[in-house]
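Undergrad: sharing a model that was predicted from the sequence below.
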Amino acid sequence: MHALLFEAASIQQYLFATGRLREIVGASELVEALCGPVLDAAITAVGDDSGEIEFARRAGAAFYAFSDAPEPLQKLAAAWPLLMAQWVPGLEFQLSLGSGDSAEAAQRDARSRLLGTRARSVQQSPLPGPFSRRSPRTGLAAAAVDRDGSPLDRASVRKRALAEGAELLNRFVEGARARDWPLDLSGQKGGRAFPFVGAYSDIAVVHADGNGLGLVLRRLEEAAKSRPDAWIGMFRGFSEAVGESTVQAARRAVAEVLEPVRDGGLYAMRPVLLGGDDLSVIIRADLAVPFTVAFISAFEEETAQRLGPKLAEWGIDQPSRLTACAGIAYMAASQPLDMALGLAESLCKAAKSTVKPLAVDGEVASAIQMHRVGSTSAVAWDDVWENEVSTRDSGASGQGVVFQNSLGAWCVQPHHSLPSLADLQALVAFIDAHPAAAGGLREVIGLVGRDSARARFRYRRLRQVAGSSFTSSLDDLLKRCCGCETLDESLPYAETPVDTADLRFASPVPDALLLATMQSRALLEKELAR
């Protein structure tokens with residue numbers, strides 16, 4: 001048996017190379033078509049009319065191909081880099097051949113070769129000479145000029161050529177039309193401008209990723225070893241079940257959240273990536289949490305329906321559904337999109353690292369973590385956590401006190417030891433109902449770390465003015481979010497059970513203020529537009 005493995009690399013870097021929405025959209029279409037019509041054309045070109053090539057995986061810009069004879073895969077391996085250079089110039093990829101006594105052995109041999117090689121990309125042409133014009137966004141040699149006369153490199157030209165494609169859009173809405181989706185984030189009226197509400201122009205980049213897929217794959221490999229004749233079919237069935245679950249979950253989220261606010265116009269979202277168990281979208285800020293919750297909930301249900309029976313049939317001891325985590329990076333439409341995507345991915349990883357050790361009966365909780373892109377260029381959540389979210393105050397005893405302006409990951413469903421998104425949304429609703437108090441809470445959070453004594457004074461004054469009913473309700477909500485029975489009434493923070501040299505306190509208020517701001521701005525604009 002012989003195997004050919006292909007995996008695209010640095011996809012997000014390729015998608016966001018220029019930061020322009022039109023080119024991001026075109027790049028998404030190019031990548032989406034790789035393992036579809038492009039691969040079909042390649043198989044036809046190498047003359048595999050007899051169907052000798054079988055696929056264990058064919059989705060998410062990757063394919064694992066198998067054949068009893070080496071020639072079909074060797075021809076495909078020889079043609080594929082040339083095709084990549086023509087279709088997606090500049091996209092990095094890995095490609096390797098392997099062989100063995102079985103499909104599993106051939107895949108293992110090809111995988112070892114794949115992991116031992118660096119990602120490569122076919123050299124883009126034309127090569128820039130000393131007097132060549134270059135694209136100001138990528139530094140590559142110009143192959144064309146934009147309408148305003150600025151030079152474009154060859155990859156950007158290819159991306160723009162596919163900006164009106166609907167390959168990816170069809171995975172979100174069956175029979176989608178390109179003209180129903182935005183192509184411009186500038187906010188200018190006319191054309192395909194993003195459908196903001198009035199002057200409100202905040203967006204969010206959402207990145208979601210399934211939990212525990214690696215563990216399921218390892219168990220699938222173990223189960224497949226005892227059934228060598230069914231190895232390819234098992235992995236193909238698994239890949240198709242996960243891929244179809246992700247597509248259906250995305251479609252359900254669009255129907256539930258985006259269709260009701262569309263009102264015959266453009267969708268308030270632009271898909272970026274949907275493959276395997278991954279999803280990335282650019283969406284209007286006030287819709288980010290509802291869309292993400294709808295997607296994750298539907299993903300859990302769809303995997304239970306499609307994947308659960310297969311795992312049971314194969315004798316794999318695994319929860320009957322997959323869960324997912326997501327990162328949401330809020331930003332102004334004028335800020336760099338690549339920064340927001342990097343932060344969204346990092347937030348997603350941070351949420352995963354929080355919920356993974358707290359799995360219940362082998363199932364990891366679904367969770368969301370969010371942050372607004374700040375003035376720094378940091379996209380790694382660890383850096384953002386230390387430089388933007390955490391503030392340090394020196395206590396009277398000399399012991400360091402760290403205030404964390406976020407609780408981190410919020411579970412989509414109630415969890416015994418993690419903060420619940422429902423409790424956060426209850427706190428958001430409370431803040432929305434008391435707009436005057438929201439300003440006071442924002443001032444307190446801003447003072448914490450800079451002048452903790454003044455922050456405590458301002459918080460006590462806020463509670464006195466607001467009255468006992470307000471303070472009692474606020475304390476109850478803070479306790480629910482923080483998962484504690486008692487609360488220090490001097491600040492809206494609770495001590496975190498972290499074993500460090502510093503005393504650490506965390507608050508759900510900054511998360512609630514962020515969500516309240518994102519949601520109330522849109523509501524205000526809607527009221528003013530009436």
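TA: Perfect, I can see it now. Please read these numbers as outputs of a predicted model, since none were measured by experiment.

Undergrad: report pLDDT for the residue nearest in space to the middle of the chain.
TA: For the chain, the residue nearest the mean C-alpha position is residue 207 (0.9 Å; C-alpha atoms, centre = their mean). You'll see residue 207 listed with a pLDDT of 97.

Undergrad: likewise for the one 4 residues further on?
TA: Per-residue pLDDT puts residue 211 at 93.

Undergrad: my guess is it contacts residue 364. True?
TA: Yes. Contact status for residue 211 versus residue 364: in contact at 4.2 Å, counting by C-beta atoms under 8 Å. From N, CA and C alone the C-beta is placed, and that goes for glycine too.

Undergrad: settle it for me: which of these two has more neighbours?
TA: residue 211 (24 against 21; other C-beta atoms under 10 Å).

Undergrad: could you check how far the more buried one is from residue 288?
TA: Note on residue 211: its distance to residue 288, by C-beta to C-beta, to the nearest Å, is 20 Å.

Undergrad: circling back to that earlier point, what do residue 211 and residue 364 both touch?
TA: Counting by C-beta atoms under 8 Å, 6 or more residues apart in numbering, the residues touching both residue 211 and residue 364 are 323, 352, 355-356.

Undergrad: which single one of those residues is nearest to residue 330?
TA: Of all the shared contacts of residue 211 and residue 364, residue 330 sits closest to residue 352, with 19.9 Å by C-beta to C-beta.

Undergrad: does the closest one sit in a helix, a strand or a coil?
TA: helix (DSSP: H, G, I helix; E, B strand; the rest coil).

Undergrad: nearest residue to it other than its sequence neighbours?
TA: With sequence-adjacent residues excluded and distances taken as C-beta to C-beta, 6 or more residues apart in numbering, residue 352 is closest to residue 325, at 4.8 Å.

Undergrad: hmm, who's touching the helix or strand harbouring residue 384?
TA: Using DSSP states H and E, residue 384 maps to helix 381-384. Contact partners of helix 381-384, identified using C-beta under 8 Å, 6+ apart, comprise 327, 343, 346-347, 349-350, 369, 371, 374, 376, 378.

Undergrad: mind putting those in TSV, pLDDT and secondary structure included?
TA: Shown next, in TSV, are the contacts of helix 381-384 (pLDDT from 0 to 100; DSSP: H, G, I helix; E, B strand; the rest coil):
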residue	pLDDT	secondary structure
327	96	strand
343	91	helix
346	93	helix
347	95	helix
349	95	helix
350	94	helix
369	96	strand
371	93	strand
374	76	coil
376	59	coil
378	60	coil
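
Undergrad: can you redo those as JSON lines with distance to residue 55?
TA: Formatted as JSON lines, the contacts of helix 381-384 follow (distance: C-beta to C-beta, whole Å):
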{"residue": "327", "distance to residue 55": "31"}
{"residue": "343", "distance to residue 55": "35"}
{"residue": "346", "distance to residue 55": "32"}
{"residue": "347", "distance to residue 55": "33"}
{"residue": "349", "distance to residue 55": "29"}
{"residue": "350", "distance to residue 55": "34"}
{"residue": "369", "distance to residue 55": "35"}
{"residue": "371", "distance to residue 55": "39"}
{"residue": "374", "distance to residue 55": "44"}
{"residue": "376", "distance to residue 55": "44"}
{"residue": "378", "distance to residue 55": "40"}
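
Undergrad: of those residues, closest to residue 19?
TA: Nearest to residue 19 among the contacts of helix 381-384, with distances taken as C-beta to C-beta, is residue 343, at 14.3 Å.

Undergrad: ok, what's across the strand from the nearest residue to the closest one once chain neighbours are set aside?
TA: Spatial nearest neighbour of residue 343, excluding adjacent residues (C-beta to C-beta, 6+ apart): residue 329 at 4.1 Å. Residue 329 has these beta-bridge partners by DSSP bridges: residue 205, residue 371.

Undergrad: strands of the stretch 151-300 of the chain, start to end?
TA: 151-153, 202-210, 269-275, 278-284 (DSSP state E, counting those that start in this stretch).

Undergrad: ignore the last one, the stretch 351-500 of the chain
TA: 367-372, 390-394, 400-404, 410-411, 494-495.

Undergrad: what would these look like in TSV with mean neighbour count?
TA: Listed next are the strands of the stretch 351-500 of the chain as TSV, based on neighbours: other C-beta atoms under 10 Å:
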stretch	mean neighbour count
strand 367-372	26
strand 390-394	15
strand 400-404	18
strand 410-411	26
strand 494-495	18
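
Undergrad: which of those strands has the lowest mean pLDDT?
TA: strand 390-394 (a mean of 75).

Undergrad: mind giving me the packing neighbours of the longest helix that the chain contains?
TA: In the chain, taking DSSP state H as the definition, the longest helix is helix 231-253. If you count contacts as 3 or more C-beta pairs under 8 Å, 6 or more residues apart in numbering; DSSP states H and E, helix 231-253 packs onto strand 54-58, helix 103-115, helix 169-172, helix 213-225, strand 269-275, strand 278-284, helix 288-306, helix 308-313.

Undergrad: other residues contacting the second one?
TA: Counting by C-beta under 8 Å, 6+ apart, helix 103-115 makes contact with 1-5, 7, 56, 64, 66, 94-100, 221, 224-225, 228, 231-232, all of which sit outside it.

Undergrad: shaky segments in the protein?
TA: 48-50, 118-129, 131, 143, 187-190, 375-378, 394-399, 497-502, 521-530 (pLDDT under 70).

Undergrad: could you chop it up by domain?
TA: Per automatic domain parsing, the structural domains of the chain span 2-152, 168-379, 386-529.

Undergrad: could you dump those domains to a markdown table with distance to residue 161?
TA: Putting those into a markdown table (distance: least, C-beta to C-beta, whole Å) gives the following:
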| stretch | distance to residue 161 |
| --- | --- |
| domain 2-152 | 7 |
| domain 168-379 | 13 |
| domain 386-529 | 34 |
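
Undergrad: which one of those is the most hemmed in?
TA: For those, the largest average neighbour count (mean count of other C-beta atoms under 10 Å) is found in domain 168-379, namely a mean of 19.

Undergrad: quick check: residue 401 touching residue 448?
TA: No. Contact criterion C-beta under 8 Å: residue 401 and residue 448 do not qualify, at 9.9 Å.

Undergrad: and for those two, which residues touch both?
TA: residue 393.

Undergrad: contact partners for the closest residue in space to residue 440 that isn't next to it in sequence?
TA: Distances taken as C-beta to C-beta, 6+ apart place residue 462 nearest to residue 440, at 4.1 Å, with adjacent residues excluded. Listed by C-beta under 8 Å, 6+ apart, the contact partners of residue 462 are 437, 440-441, 444.

Undergrad: so of those, which ones are in helices?
TA: 437, 440-441, 444.

Undergrad: okay, those in a markdown table with distance to residue 468 next?
TA: As requested, these are exported to a markdown table (distance: C-beta to C-beta, whole Å):
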| residue | distance to residue 468 |
| --- | --- |
| 437 | 14 |
| 440 | 16 |
| 441 | 17 |
| 444 | 19 |
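
Undergrad: looking at those residues, which is nearest residue 335?
TA: Set against residue 335, the nearest of the ones in helices among the contacts of residue 462 by C-beta to C-beta is residue 441 (25.3 Å).

Undergrad: that closest one against residue 431, yeah?
TA: Yes. Residue 441 lies in contact with residue 431 (C-beta under 8 Å); the separation is 7.1 Å.

Undergrad: which neighbours do those two share?
TA: Jointly contacting residue 441 and residue 431 under the rule C-beta under 8 Å, 6+ apart are residue 513.

Undergrad: how about residue 184, nearest residue that isn't a chain neighbour?
TA: By the measure of C-beta to C-beta, 6+ apart, the closest residue to residue 184 outside its immediate chain neighbours is residue 193, 4.7 Å from it.
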